[in-house]
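Dropping a prediction and its sequence here:
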Amino acid sequence: MEPKTTKTKVLQDFLRQEGISHEVTERYCPQSNGLAERLNLTIMDKVRCMLIDANLTPKLWPYAAHYAVLVYNNFPHSALDNHKSPNDAYGDSFDFSKLYVYGSICYALQPSKLLHKLEERSAKGLFLLPCISDANFISWTSTLPIYMETERNHIHDPTRGF
C-alpha cells in the first residue's frame, strides 16, 4: 500500500497539470468554505420546498436534490458573465422539454407480459427525475422509485401549472 503522502503528491501533480486550483480547508469548519456552503444551503432550500409542495416523504430528498441541481445548472446566474447558465457557459445544451413540475402525476405503461387481460395497463406515480441521456424518467409509486421508459408513458397533472 502506498503511503498517504505519495497519493497526495500524485493528486497535487494531477490538479496542477489540469490547471485546477486546490485549496484545503479546516476539518469540520464549514465557515471557512463559505461559497460552497452557500450553494449547499440554496440547493437544500429548493429540495425542502419541492418535497413539501409535492407532499412527498423526506426519504426522496436525493431525487429532489438531483432535480434541483439540474434546474440550477440550466438557468442563468448573475455570478456568471452575461448572466449565462453554467451549462451555457461550458457549452452544454439542455432539452427543456424534459422539465416537469416535481411530483406531477405520471402514468407508466406496464409490460403487457406481466399483466392479465383485465388489469390496469399503466401504473400511477409521481414524477421525480428526468433521465438526461434519453427520454425516460424516474417516478415514485406508492412504495418505491422506479425507472420508467417514456416511449408510451405520460406525465400530466391538470391541477398543477408549469
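Sure, I can see it.

So which residue of the protein lies furthest out from the middle?
Within the chain, the residue lying farthest from the chain centre (C-alpha atoms, centre = their mean) is residue 117, at 37.1 Å.

Got phi/psi on it?
Taking degrees, to the nearest 10, you get phi -50, psi -40 for the backbone angles of residue 117.

same question, residue 127
phi -60, psi 130.

And the pLDDT for it?
For residue 127, the model assigns a pLDDT of 80.

tally of neighbours for it?
23 (other C-beta atoms under 10 Å). To be clear about C-beta, it is placed using only N, CA and C from the backbone, and glycine gets the same treatment.

Quickly note the distance from the residue farthest from the centre of the chain to residue 32.
Residue 117 sits 65 Å away from residue 32, going by C-beta to C-beta, to the nearest Å.

Equivalent analysis for residue 104, please.
Residue 104 is 40 Å from residue 32, by C-beta to C-beta.

If you count surrounding residues, which of the two has more?
residue 104 (18 against 11).

so the spatially most central residue of the chain is in which element?
Among the residues of the chain, the one closest to the centroid is residue 66, at 1.8 Å (C-alpha atoms, centre = their mean). Using DSSP states H and E, residue 66 falls within helix 61-72.

now the helix or strand where residue 16 lies, how far from the chain's geometric center?
In this assignment (DSSP H and E), residue 16 forms part of helix 4-18. Relative to the centre of its chain, helix 4-18 is centred 30 Å away, using C-alpha atoms, centre = their mean, to the nearest Å.
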